[in-house]
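Engineer: Next comes the sequence, and after it the predicted model I'd like to discuss.
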Amino acid sequence: MDTISRDNNTSYLPVAGVIVGLVALVLSAVALVKVSSANKTLAEHADKVAKIDAIESTANTAAGTADRAAKNVDSLAQQTQKAVTDIGNMILEANGKIAKIEEGQKKPAAAAGKSSGPVVAGPGEYIVKAGDTSGTKIAKAVGVSIGDLQAVNPGVNWSHLSIGQKLKLPKK
(Lines give C-alpha, C1' and ligand atoms only; values in the text may rest on other atoms or scores of the structure.)
Protein backbone atom coordinates (compact mmCIF):
# COMPACT_ATOMS: atom_id res chain seq x y z
CA MET A 1 0.00 0.00 0.00
CA ASP A 2 2.83 2.12 0.62
CA THR A 3 3.89 1.93 -2.98
CA ILE A 4 0.54 2.90 -4.35
CA SER A 5 0.16 6.03 -2.28
CA ARG A 6 3.60 7.17 -3.26
CA ASP A 7 2.83 6.80 -6.91
CA ASN A 8 -0.30 8.87 -6.59
CA ASN A 9 1.46 11.73 -4.78
CA THR A 10 4.27 11.91 -7.27
CA SER A 11 2.12 11.95 -10.30
CA TYR A 12 -0.01 14.90 -9.12
CA LEU A 13 2.76 16.98 -7.69
CA PRO A 14 4.62 17.67 -10.92
CA VAL A 15 1.35 18.41 -12.72
CA ALA A 16 0.32 20.81 -9.95
CA GLY A 17 3.76 22.46 -10.14
CA VAL A 18 3.42 22.91 -13.90
CA ILE A 19 -0.08 24.36 -13.52
CA VAL A 20 1.05 26.76 -10.81
CA GLY A 21 4.03 27.75 -13.00
CA LEU A 22 1.78 28.35 -16.00
CA VAL A 23 -0.61 30.44 -13.92
CA ALA A 24 2.35 32.42 -12.59
CA LEU A 25 3.65 32.89 -16.13
CA VAL A 26 0.27 34.16 -17.36
CA LEU A 27 -0.04 36.47 -14.37
CA SER A 28 3.49 37.78 -15.04
CA ALA A 29 2.63 38.43 -18.69
CA VAL A 30 -0.54 40.28 -17.68
CA ALA A 31 1.42 42.28 -15.08
CA LEU A 32 4.09 43.07 -17.69
CA VAL A 33 1.45 44.36 -20.13
CA LYS A 34 -0.14 46.46 -17.36
CA VAL A 35 3.26 47.87 -16.28
CA SER A 36 4.11 48.68 -19.91
CA SER A 37 0.77 50.44 -20.33
CA ALA A 38 1.31 52.30 -17.05
CA ASN A 39 4.79 53.38 -18.23
CA LYS A 40 3.33 54.75 -21.48
CA THR A 41 0.66 56.64 -19.53
CA LEU A 42 3.34 57.99 -17.17
CA ALA A 43 5.44 59.13 -20.15
CA GLU A 44 2.42 60.93 -21.63
CA HIS A 45 1.68 62.51 -18.27
CA ALA A 46 5.32 63.50 -17.88
CA ASP A 47 5.10 65.46 -21.17
CA LYS A 48 1.91 67.12 -19.98
CA VAL A 49 3.48 67.94 -16.61
CA ALA A 50 6.50 69.46 -18.41
CA LYS A 51 4.15 71.62 -20.50
CA ILE A 52 2.23 72.68 -17.39
CA ASP A 53 5.54 73.54 -15.68
CA ALA A 54 6.54 75.65 -18.70
CA ILE A 55 3.17 77.44 -18.64
CA GLU A 56 3.52 78.03 -14.90
CA SER A 57 6.99 79.49 -15.42
CA THR A 58 5.69 81.77 -18.17
CA ALA A 59 2.77 82.86 -15.97
CA ASN A 60 5.14 83.63 -13.08
CA THR A 61 7.37 85.67 -15.40
CA ALA A 62 4.33 87.56 -16.74
CA ALA A 63 3.10 88.22 -13.19
CA GLY A 64 6.50 89.63 -12.24
CA THR A 65 6.53 91.83 -15.33
CA ALA A 66 2.99 93.02 -14.57
CA ASP A 67 4.02 93.88 -10.99
CA ARG A 68 7.00 95.89 -12.24
CA ALA A 69 4.79 97.64 -14.81
CA ALA A 70 2.24 98.52 -12.11
CA LYS A 71 5.00 100.00 -9.95
CA ASN A 72 6.30 101.96 -12.95
CA VAL A 73 2.80 103.29 -13.69
CA ASP A 74 2.38 104.35 -10.04
CA SER A 75 5.74 106.09 -10.11
CA LEU A 76 4.92 107.80 -13.39
CA ALA A 77 1.55 108.94 -12.02
CA GLN A 78 3.27 110.47 -8.98
CA GLN A 79 5.86 112.19 -11.16
CA THR A 80 3.16 113.51 -13.49
CA GLN A 81 1.13 114.83 -10.54
CA LYS A 82 4.22 116.59 -9.16
CA ALA A 83 4.96 118.10 -12.60
CA VAL A 84 1.36 119.33 -12.97
CA THR A 85 1.51 120.84 -9.47
CA ASP A 86 4.81 122.56 -10.33
CA ILE A 87 3.34 123.91 -13.58
CA GLY A 88 0.28 125.19 -11.70
CA ASN A 89 2.54 126.98 -9.20
CA MET A 90 4.56 128.49 -12.06
CA ILE A 91 1.36 129.72 -13.75
CA LEU A 92 0.19 131.31 -10.49
CA GLU A 93 3.57 132.99 -10.10
CA ALA A 94 3.47 134.23 -13.72
CA ASN A 95 -0.09 135.54 -13.24
CA GLY A 96 1.07 137.45 -10.16
CA LYS A 97 3.94 139.01 -12.11
CA ILE A 98 1.62 139.90 -15.00
CA ALA A 99 -0.80 141.54 -12.57
CA LYS A 100 2.05 143.60 -11.10
CA ILE A 101 3.17 144.64 -14.60
CA GLU A 102 -0.38 145.63 -15.52
CA GLU A 103 -0.70 147.67 -12.32
CA GLY A 104 2.63 149.33 -13.06
CA GLN A 105 1.44 150.34 -16.53
CA LYS A 106 -1.80 151.78 -15.18
CA LYS A 107 -0.14 154.02 -12.57
CA PRO A 108 1.90 156.20 -14.99
CA ALA A 109 -1.18 156.71 -17.15
CA ALA A 110 -3.13 157.90 -14.10
CA ALA A 111 -0.29 160.22 -13.11
CA ALA A 112 -0.18 161.68 -16.65
CA GLY A 113 -3.93 162.27 -16.55
CA LYS A 114 -3.57 164.28 -13.31
CA SER A 115 -1.20 166.72 -14.93
CA SER A 116 -2.52 170.24 -14.51
CA GLY A 117 -0.86 171.88 -17.51
CA PRO A 118 -1.24 171.37 -21.27
CA VAL A 119 0.78 168.65 -23.00
CA VAL A 120 3.94 170.09 -24.56
CA ALA A 121 5.83 168.49 -27.43
CA GLY A 122 9.53 167.96 -26.89
CA PRO A 123 12.15 167.77 -29.60
CA GLY A 124 11.25 165.05 -32.12
CA GLU A 125 7.64 164.76 -30.83
CA TYR A 126 4.19 165.66 -32.13
CA ILE A 127 1.04 166.21 -30.07
CA VAL A 128 -2.22 165.00 -31.65
CA LYS A 129 -4.67 167.94 -32.10
CA ALA A 130 -8.35 168.15 -32.85
CA GLY A 131 -8.85 167.28 -36.51
CA ASP A 132 -5.86 164.85 -36.64
CA THR A 133 -7.98 161.86 -37.61
CA SER A 134 -5.35 159.63 -39.19
CA GLY A 135 -1.66 158.87 -39.22
CA THR A 136 -1.52 159.79 -42.91
CA LYS A 137 -2.76 163.32 -42.24
CA ILE A 138 -0.18 163.76 -39.44
CA ALA A 139 2.63 162.32 -41.61
CA LYS A 140 1.83 164.86 -44.39
CA ALA A 141 1.68 167.70 -41.86
CA VAL A 142 5.16 166.97 -40.49
CA GLY A 143 6.66 165.97 -43.86
CA VAL A 144 7.45 162.26 -43.27
CA SER A 145 6.12 158.99 -44.70
CA ILE A 146 3.37 157.10 -42.86
CA GLY A 147 5.59 153.98 -42.81
CA ASP A 148 8.40 155.84 -41.00
CA LEU A 149 5.90 157.40 -38.54
CA GLN A 150 4.40 154.01 -37.75
CA ALA A 151 7.86 152.40 -37.40
CA VAL A 152 8.93 154.78 -34.60
CA ASN A 153 5.52 154.46 -32.84
CA PRO A 154 4.95 150.66 -32.69
CA GLY A 155 2.40 150.66 -29.86
CA VAL A 156 0.05 153.28 -31.29
CA ASN A 157 -3.48 152.37 -32.35
CA TRP A 158 -3.77 154.47 -35.52
CA SER A 159 -7.52 154.06 -35.80
CA HIS A 160 -8.13 155.55 -32.31
CA LEU A 161 -5.86 158.57 -31.89
CA SER A 162 -6.73 160.80 -28.95
CA ILE A 163 -6.22 164.53 -28.60
CA GLY A 164 -3.10 165.27 -26.57
CA GLN A 165 -1.44 161.95 -27.40
CA LYS A 166 2.34 162.21 -27.99
CA LEU A 167 3.86 160.69 -31.11
CA LYS A 168 7.55 160.32 -31.84
CA LEU A 169 8.75 161.76 -35.13
CA PRO A 170 11.25 159.91 -37.28
CA LYS A 171 14.58 161.56 -38.03
CA LYS A 172 14.63 163.11 -41.46
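Structural biologist: Yep, that arrived. Numbers count the residues shown, from 1 in each chain.
Engineer: Please report how far residue 90 lies from residue 76.
Structural biologist: Distance, residue 90 to residue 76, by C-beta to C-beta, to the nearest Å: 21 Å. (Each C-beta comes from the backbone N, C-alpha and C, glycine too.)
Engineer: For the residue nearest to residue 133 when sequence neighbours are not counted, grab phi and psi.
Structural biologist: Leaving aside its sequence neighbours, residue 133 sits nearest to residue 161 (C-beta to C-beta, 6 or more residues apart in numbering; 7.3 Å). With angles defined as degrees, to the nearest 10, residue 161 sits at phi -80, psi 140.
Engineer: Check the one 3 residues further on too.
Structural biologist: Comment: the main-chain dihedrals of residue 164 come out as phi 90, psi 0, following degrees, to the nearest 10.
Engineer: Report the contact partners of the residue nearest to residue 133.
Structural biologist: Residue 161 makes contact with 128, 132-135, according to C-beta atoms under 8 Å, 6 or more residues apart in numbering.
Engineer: Mind checking which of those residues are in strands?
Structural biologist: Under the assignment DSSP state E, these contribute nothing to strands.
Engineer: Can I get the buried part of those residues as one ChimeraX selection?
Structural biologist: To isolate the buried ones among these in ChimeraX, judged by 16 or more other C-beta atoms under 10 Å, type:
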select :128,132,135
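Engineer: In helices, which of the contacts of residue 161 appear?
Structural biologist: residue 135 (DSSP state H).
Engineer: What is the lowest-pLDDT residue among the contacts of residue 161?
Structural biologist: Within these, the minimum per-residue pLDDT falls on residue 133 (82).
Engineer: Kindly provide the distance from that one to residue 89.
Structural biologist: The value you get for residue 133 to residue 89, if C-beta to C-beta is used, is 48 Å.
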